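Colleague: below are the sequence and a predicted model; questions follow.
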Amino acid sequence: MNKNRIKIALTKGRVEKQVVPLLERAGINCDQIRQKKRRLIFDSVQPYEFILAKGPDVTTFLERGAADIGIVGSDILVEHHSTQYELLDLKTGQCQFVLASTKDFDPDEPKRKIIGTKYPNITKKYFDSLGQDVEIIKIEGSVELAPLTGLADAIVDITETGTTIKENNLKIYNYLDKVSTRLVVNRMSLKQHPEEIYSLVDKLEGAIKNENLSKEY
Ligand code: PRP
C-alpha cells in the first residue's frame, strides 16, 4: 500500500457495481477493479488508491484512519451510527427499507413479533416508533428466508428492484427510510488532503449532474 495516496474504501458488491461507472465518468481509472479477480487493493489515477471491503468494514477503516474516504450505503452508516463526515450523496444504490413477510402475515396481530434483519438498530428504532416491543434476530444474508422458513414472523430489509421479494412470494407491509450510496471522509484526512479530496468530490458531482442531464434530455 502506498502511503502517499488517498485511500478510498469502496463497498464491494452492489455498491461497487453501480459506483465504478460513476467513478469512470468522473475520469477515475477503474480498469484494475474491473479485472480484479480476488485482488483487494488497486491503483488508480494518482493520487487515489482503492480498497474493496464489506460495508460495515468500510466504516471501521475510516474510523481507524486506515482509509481516507469511504463509499458506502446510508443503510450501513445509519445502522452503525457512523460519525464520519458525509461529503456527497452519489445518488446510486438507491433502495428502501421495507417491512415484508409472507402473504398471511398480520402486522396488527396483538402478539410479540419476531423480526429477522441484517439491521437490528434500524429495526428496533422502527418498532420503538410504533410503540411495539419485538424480538429481533440478526441475519447475515438472504434475510427473505426468515419468514419463509418460520424463523421469524417478518423481516426489515432493503429492496432495490423488488425482485427478491416478488420471486419469493413475499409482500411489503410498510415502507421505511430510503437509502443511497454516500461518500464519507475521515475528518483528519480532510484536514491533511483537502485539495485532493475536494477535487474528487467536484469530479463526482460533475459526473452525477451530467448523468441527470442526459436522463432528462
Ligand atoms: C439485498 C437485500 C435483499 C436484496 C433485495 O441483499 O438484503 O436480499 O438485496 O434486492 P432487490 O429488491 O433488487 O431484489 P444483497 O443482494 O445486497 O445481498 P445479501 O442478501 O447477500 O446481503
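Modeller: Sure thing, it's come through.
Colleague: hmm, who's touching the helix or strand V184 falls within?
Modeller: Secondary-structure element containing V184, defined by DSSP states H and E: strand 181-185. Residues outside strand 181-185 that contact it (Cβ atoms under 8 Å, 6 or more residues apart in numbering): 11, 15, 18-19, 59, 62, 68-74, 77, 82, 84-93, 197, 201, 204. Placement of C-beta: from N, CA and C, glycine included.
Colleague: after that strand, which helix or strand is next?
Modeller: Strand 181-185 is succeeded, C-terminally, by helix 187-192 (DSSP H and E).
Colleague: which residues touch the residue nearest the centre of the chain?
Modeller: The residue lying closest to the centre of the chain (Cα atoms, centre = their mean) is G73, at 2.0 Å. The contact partners of G73, taken as Cβ under 8 Å, 6+ apart, are 11, 15, 55, 93, 158, 179-182.
Colleague: what's the helix or strand where Y198 lies in contact with?
Modeller: Using DSSP H and E, Y198 falls within helix 194-216. Residues outside helix 194-216 that contact it (Cβ under 8 Å, 6+ apart): 6, 22-23, 25-28, 47-48, 68-69, 87-88, 90-91, 183, 185, 189-190.
Colleague: got the buried residues for that helix?
Modeller: Neighbour-count burial for helix 194-216, counted by 16 or more other Cβ atoms under 10 Å, picks out 196-197, 200-201, 203-205, 207-208.
Colleague: angle of it against strand 181-185?
Modeller: Angle, helix 194-216 to strand 181-185, by axes from the mean of the first three to the mean of the last three Cα atoms, to 10 degrees: 170 degrees.
Colleague: with that, I have no additional questions.
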